[in-house]
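Got a predicted structure plus its sequence, pasted below:
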Amino acid sequence: FFNLRSKKKTLGSFTETELLQVAEDLGVAASDVRQMEARLQSNDEAFDPEEEAFGANQFLENAVGDPAKIIENSDLKEAQQQKFVLAFSKLDKRLQEIIQKRWLDEPKSTLANLSKEFGVSAERIRQLEQIALKKLKQDV
């Protein structure tokens, strides 16, 4: 088809016999020549319009998000952390230590380890943990 444009310049618009002749000369099917002739006669369109055609709504939305939302989320997170710290400070020392070791520390302590440390059963540690979590949820 690289030669079709030069043949087209010399012939103008193809008649049926010319179409068959070009197809034979190029070694392709007549339908392919007809299709390429239509493509060559059509106008080219730019994939990207001129910069002036772009408006604010043509740009992709920023995945990072709206700066106001980022600040709002940051403030919300900070407020939640402050609520947690206040609620955590209201717990007695034993409950604080259980929550600290079971939820906040790495590696997390097991019920069995804490039961040995506090001298109570693992079931009692689990109960105390549930009591502490319930208090935290109420205050946060």
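Sure thing, it's come through.

going forward, measure contacts and count neighbours with C-alpha atoms only.
Will do.

can you tell me which residues contact L136?
Neighbouring residues of L136 by Cα atoms under 8 Å, 6 or more residues apart in numbering: F84, A87, F88.

can you redo the residues you listed as CSV with distance to L128 and secondary structure?
Listed next are the contacts of L136 as CSV, based on distance: Cα to Cα, whole Å; DSSP: H, G, I helix; E, B strand; the rest coil:
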residue, distance to L128, secondary structure
F84, 18, helix
A87, 16, helix
F88, 14, helix
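
Next up, identify which helix or strand the residue of the chain most remote from its centre is on.
In the chain, counting by Cα atoms, centre = their mean, T17 sits farthest out from the average C-alpha position, at 56.7 Å. Using DSSP states H and E, T17 maps to helix 16-26.

What residues sit buried inside that helix?
L19, L20, V22, A23 (16 or more other Cα atoms under 10 Å).

care to break this protein down by domain?
4-41, 85-139 (automatic domain parsing).

what about the last one, average pLDDT?
Right, the one you point to is domain 85-139. Averaging pLDDT along domain 85-139 yields 94.

what do you get for the first one?
Across domain 4-41, the average pLDDT comes to 76.
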